[in-house]
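K.L.:
Sequence unavailable; structure follows:
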C-alpha cells in the first residue's frame with residue numbers, strides 16, 4: 001500500500017467565502033471523479049424528513065448539514081444526528097471544513113434545553129454533540145458542552161452521550177469541565193498527519209491534540225476516548241501508522257478513518273481516493289497495534305454509526321478489560 005504525496009493547495013476563506021473568487025479556476029481538486037464505492041443515495045424517506053423538521057423546529061445546527069456530510073440521508077433516516085452547538089460560525093479556517101469562519105454570535109444559553117428536548121422527542125439511544133471552535137470564549141465553550149450533557153441526562157437518562165470537542169487551546173479548566181460532566185465518549189479528532197497541519201489545520205497543533213486525548217483518559221480512566229483522521233490528502237502510509245502509535249500511547253480506545261471529500265473547489269485538494277482494501281488494512285493494523293476498535297472505510301466519518309460503534313466498544317472492552 002502506497003499513499004502518494006501531493007501539494008495541498010488552498011485559498012484563505014472568510015465567512016465561508018473566497019477572498020479571491022477569481023482564482024478559484026486555478027485550484028481545481030486534483031481528483032474530481034468519484035469512484036463507485038464513494039457514492040451515496042440522496043436523502044429520502046419519512047424518518048429523514050421527521051428528523052430534519054425536528055432539528056429545524058428546535059433551531060439547532062448540525063454538523064451533518066454544515067459540513068456537507070455524505071451520510072446525512074442514512075443517519076437522519078435512522079434518527080441519528082450530530083448536533084453542533086455554540087453557533088454556526090467558527091473562529092478558525094481549516095482547509096477541509098465547510099463551516100463558515102468569522103466572528104461568532106454570543107452564546108445561546110437556551111440551547112442545552114432545546115437540544116435535550118430534541119433528543120427526547122426523537123428517542124435517540126446515542127447522541128453526538130460537537131461544536132465550532134470558539135477561541136473567543138474564556139473556556140472555549142466547555143461550559144456549554146457540560147450544560148448540554150446535564151440537560152440530556154435529566155430528560156433522557158438512558159441516552160448515551162458522545163462529545164466531539166475542539167482542542168480548547170489550553171484554556172485552563174476547559175477539559176476538566178467537560179470530563180466532569182461525565183460523557184460516555186470523549187472524542188477529539190486529529191484530522192490529518194502532523195506534516196499537513198500547517199496547510200490543513202493551521203490553527204491547531206498535533207501534539208497538543210494528542211495530549212488532550214491522553215489527559216481526558218487520565219481524568220476519567222473509565223471514559224471511552226476516540227479520535228478520527230481523513231485520508232486522501234497526500235499523507236504517506238508510515239505517517240498514518242505513526243498516528244496509530246501516538247494514539248495507543250495516549251490510551252485512546254477508538255479511531256475512525258475516512259476518505260477526505262472536498263466540500264467545494266476552494267477547499268484543500270483531494271490527492272487520491274483510497275481503496276476499500278486499503279481501508280480494511282488500516283483497520284487490521286490499528287487493532288493489531290492495540291486500539292480497541294478501528295472504523296475504517298471510504299464513507300466513515302467521526303460520528304457515522306456512532307450508536308452501533310459505541311456498543312461495539314463496550315463489547316470489545318468486556319473482551320479486553322486491560323486495554
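P.N.:
That came through fine. These figures come from a predicted structure and were not determined experimentally. Residues are numbered from 1 along each chain as shown.

K.L.:
how about low-confidence regions in the stretch 201-323 of the chain?
P.N.:
Across the stretch 201-323 of the chain, the ranges flagged by pLDDT under 70 are 304.

K.L.:
again, only this time at 90
P.N.:
Applying pLDDT under 90 to the stretch 201-323 of the chain flags residues 262-265, 299-314, 316-323.

K.L.:
just the strands in it please.
P.N.:
Along the stretch 201-323 of the chain, counting by DSSP state E, counting those that start in this stretch, strands occupy 224-231, 254-259, 293-296.

K.L.:
Sheet partners, orientation included, of the shortest one?
P.N.:
Which is strand 293-296. With DSSP bridges as the test, strand 293-296 is paired with strand 254-259 (parallel).

K.L.:
Please compute how far the strand it pairs with lies from its chain's middle.
P.N.:
Centre-to-centre, strand 254-259 and its host chain are 10 Å apart (CA atoms, centre = their mean, to the nearest Å).

K.L.:
what's in contact with stretch 246-256?
P.N.:
Contact with stretch 246-256 is made by 185, 190, 210-211, 213-214, 217, 224-229, 243-244, 286, 289-296, 300-302, 304, 309, 313, 317, 323, as judged by CB atoms under 8 Å, 6 or more residues apart in numbering. For glycine as for every other residue, the C-beta is placed from the backbone atoms N, C-alpha and C.

K.L.:
Just the buried residues of these.
P.N.:
The neighbour count (16 or more other CB atoms under 10 Å) marks 185, 190, 210, 213-214, 217, 224-229, 243-244, 286, 290-296, 300-302, 304, 309, 313, 317 as buried among those.

K.L.:
the helices in the stretch 201-323 of the chain, which residues?
P.N.:
Assigned by DSSP state H, counting those that start in this stretch, the helices in the stretch 201-323 of the chain fall at 206-219, 237-249, 276-289, 306-319.

K.L.:
Including distance to residue 136, could those go into CSV?
P.N.:
Listed next are the helices of the stretch 201-323 of the chain as CSV, based on distance: least, CB to CB, whole Å:
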stretch, distance to residue 136
helix 206-219, 19
helix 237-249, 29
helix 276-289, 36
helix 306-319, 28
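
K.L.:
Tell me which of those sits nearest to residue 175.
P.N.:
helix 206-219 (5.9 Å; CB to CB).

K.L.:
Counting by contacts, list what the closest one packs against.
P.N.:
Contact here means 3 or more CB pairs under 8 Å, 6 or more residues apart in numbering; DSSP states H and E; on that basis helix 206-219 packs against helix 174-180, strand 224-231, helix 237-249.

K.L.:
Pipe the strands of the stretch 201-323 of the chain into a markdown table and attach distance to residue 165 per row.
P.N.:
Rendered in a markdown table, the data for these read as follows (distance: least, CB to CB, whole Å):
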| stretch | distance to residue 165 |
| --- | --- |
| strand 224-231 | 11 |
| strand 254-259 | 15 |
| strand 293-296 | 19 |
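
K.L.:
Residue 279 is nearest to which of the ones you listed?
P.N.:
Closest of the strands of the stretch 201-323 of the chain to residue 279 is strand 293-296, at 4.5 Å (criterion: CB to CB).

K.L.:
Distance from the chain centre to the closest one, please.
P.N.:
With CA atoms, centre = their mean as the basis, strand 293-296 stands 14 Å off its chain's centre.

K.L.:
With stretch 315-323 instead?
P.N.:
The chain centre lies 24 Å from the centre of stretch 315-323; the measure is CA atoms, centre = their mean.

K.L.:
Next: stretch 230-249.
P.N.:
Stretch 230-249 sits 16 Å away from the centroid of its parent chain (CA atoms, centre = their mean).

K.L.:
how about low-confidence regions in the stretch 1-150 of the chain?
P.N.:
In the stretch 1-150 of the chain (pLDDT under 90), the answer is 1-84, 88, 97-100, 118, 121-126.

K.L.:
try 80 this time
P.N.:
Scanning the stretch 1-150 of the chain with the threshold set as pLDDT under 80 gives 1-33, 37-82.

K.L.:
now for the helices of the stretch 201-323 of the chain, which one comes closest to residue 113?
P.N.:
helix 306-319 (22.7 Å).

K.L.:
That concludes my questions; thank you for your assistance.
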